[in-house]
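Asker: here are the coordinates; sequence isn't available:
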């Protein structure tokens, strides 16, 4: 097998276990899109155009609360700021690539693909075709996300509203934080953000509560980081 | 919902992924900036999680007869011990269904 295909296949194999929680997440997104009265095209269009679970859910949640486009777009930007970290970490491995590659790989640089390819890149710095790993991992995520969105769209018209599936939005995001539950500083940041958002929901105009809460959380995170540095 | 909103959100999502790979020749974010960025999920996700759990239909705080708070606590406990995403979601959802369909009936 040639090296490119081998690396591509390795990417697909590495990311596959992480696809198990992505399937219900995609289905939930599709179901909720339909429950909010969006057309099937629009719900599916979001998965293709945005291709980011957290961004898409935030978009739906703010839309159902009647937020303006500006607030929606800013909030999605805030949710996505974590990608700056991914890009900064990967620039070390990808900066030599042609623009064409950077354009393609940026589209598929999502949490799960970042996690597995980052591990691979660290161990295989000398592999000339290492970016094929990210390509394989990313497009596996992409395919799984699109298929599960379609499944959700189909199920959305069947699942009764009494089941309260909108609660699964909160649960899904909660589940994304489980690795940080044991870190004391992260828990403080979580509580600050959550309390500010809950109180701010009624007080802060234009549904900007996500942005304000996120900034408050990051401010506390910055302070905690600085205190930590001083101790060293 | 307009297509234009979706497209703008798509562009901003893409740009945050693209900007660092495209702009940086080398890793220029220092360790402190990286450390702060690593808190982004903890700073943002609770802002999405908390309001729908604690606020009722009229957007006022609801601590009594609120099955979502209890169900979320079960989910947190399940997540803390299992460290498993699916187990966390299902623990929350199943306890929520038990509360609304059995306990509060």
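Answerer: Structure's in. What do you need? For clarity, every value in this text was computed on a predicted model and none was experimentally measured.

Asker: all helices of chain A, in order?
Answerer: Remark: helices assigned in chain A by DSSP state H are A:3-15, A:22-35, A:40-49, A:53-64, A:69-80, A:82-94, A:99-107, A:111-123, A:131-156, A:167-176, A:184-203, A:209-231.

Asker: okay, the ones you listed in TSV with distance to chain B next?
Answerer: Where you see a C-beta, it was placed from the backbone N, CA and C, and this is true even at glycine. Converted to TSV, the helices of chain A look like this (distance: least, Cβ to the nearest Cβ, whole Å):
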stretch	distance to chain B
helix A:3-15	15
helix A:22-35	7
helix A:40-49	4
helix A:53-64	5
helix A:69-80	4
helix A:82-94	3
helix A:99-107	4
helix A:111-123	9
helix A:131-156	10
helix A:167-176	4
helix A:184-203	4
helix A:209-231	3
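
Asker: can you list the ones you listed in CSV and add mean pLDDT, distance to residue B:54 and mean neighbour count?
Answerer: What follows is those, written out as CSV (pLDDT from 0 to 100; distance: least, Cβ to Cβ, whole Å; neighbours: other Cβ atoms under 10 Å in any protein chain shown):
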stretch, mean pLDDT, distance to residue B:54, mean neighbour count
helix A:3-15, 91, 35, 18
helix A:22-35, 87, 20, 23
helix A:40-49, 94, 27, 19
helix A:53-64, 86, 15, 23
helix A:69-80, 87, 19, 21
helix A:82-94, 77, 25, 21
helix A:99-107, 90, 36, 16
helix A:111-123, 85, 26, 19
helix A:131-156, 94, 26, 21
helix A:167-176, 83, 10, 24
helix A:184-203, 93, 5, 20
helix A:209-231, 86, 12, 18
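
Asker: can you lay out the ones you listed as CSV showing distance to residue B:53?
Answerer: What follows is the helices of chain A, written out as CSV (distance: least, Cβ to Cβ, whole Å):
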stretch, distance to residue B:53
helix A:3-15, 31
helix A:22-35, 16
helix A:40-49, 24
helix A:53-64, 12
helix A:69-80, 18
helix A:82-94, 22
helix A:99-107, 33
helix A:111-123, 23
helix A:131-156, 22
helix A:167-176, 5
helix A:184-203, 8
helix A:209-231, 14
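
Asker: residue B:79: which of those is closest?
Answerer: helix A:167-176 (6.2 Å; Cβ to Cβ).

Asker: between helix A:111-123 and that closest one, find me the angle.
Answerer: If you take axes from the mean of the first three to the mean of the last three Cα atoms, to 10 degrees, helix A:167-176 sits at 20 degrees to helix A:111-123.

Asker: now do helix A:167-176: which elements does it pack against?
Answerer: Applying 3 or more Cβ pairs under 8 Å, 6 or more residues apart in numbering or on different chains; DSSP states H and E, we find helix A:167-176 packed against helix A:22-35, helix A:53-64, helix B:40-54, helix B:67-82, helix B:85-98.

Asker: so which of the helices of chain A gets nearest residue B:46?
Answerer: helix A:184-203 (3.5 Å).

Asker: contacts for that closest one next, please.
Answerer: Contacts with helix A:184-203, where a contact means Cβ atoms under 8 Å, 6 or more residues apart in numbering or on different chains, come from A:177, A:180-181, A:209-210, A:212-214, A:216-218, A:220-221, A:224, A:228, B:39, B:42-51, B:54-55, B:59-61.

Asker: distance between it and the chain's centre?
Answerer: Distance, stretch centre to chain centre, for helix A:184-203: 20 Å (Cα atoms, centre = their mean, to the nearest Å).

Asker: list the contacts for the residue most central in space within chain B?
Answerer: Most central in chain B under Cα atoms, centre = their mean is residue B:45, positioned 3.6 Å from the mean C-alpha point. Going by Cβ under 8 Å, 6+ apart, residue B:45 touches A:54, A:173-174, A:176-177, A:190, A:193.

Asker: how is chain B carved up into domains?
Answerer: Domain ranges of chain B: B:1-29, B:39-103, per automatic domain parsing.

Asker: which of those domains has the lowest average pLDDT?
Answerer: Of all those, mean pLDDT reaches its minimum on domain B:1-29 (a mean of 81).

Asker: what residues sit buried inside that one?
Answerer: For domain B:1-29, the neighbour count (16 or more other Cβ atoms under 10 Å in any protein chain shown) marks B:1, B:5-6, B:8-10, B:12-14, B:16-22, B:24, B:29 as buried.

Asker: please apply the same query to stretch B:47-66.
Answerer: For stretch B:47-66, burial by neighbour count (16+ other Cβ under 10 Å) applies to B:47-55, B:66.

Asker: the helices and strands packed on helix A:167-176: which one's closest to residue A:102?
Answerer: Comparing those by Cβ to Cβ, helix A:53-64 comes nearest, at 20.5 Å.

Asker: the inter-axis angle of that closest one versus helix A:82-94?
Answerer: Using the same axes, to 10 degrees: helix A:53-64 against helix A:82-94 is 160 degrees.

Asker: for helix A:53-64, the distance to its chain's centre please.
Answerer: 11 Å.

Asker: among the buried residues of stretch B:47-66, which are in reach of chain A?
Answerer: Of the residues in the buried residues of stretch B:47-66, proximity to chain A by Cβ under 8 Å from any Cβ of the partner chain holds for B:47-55.
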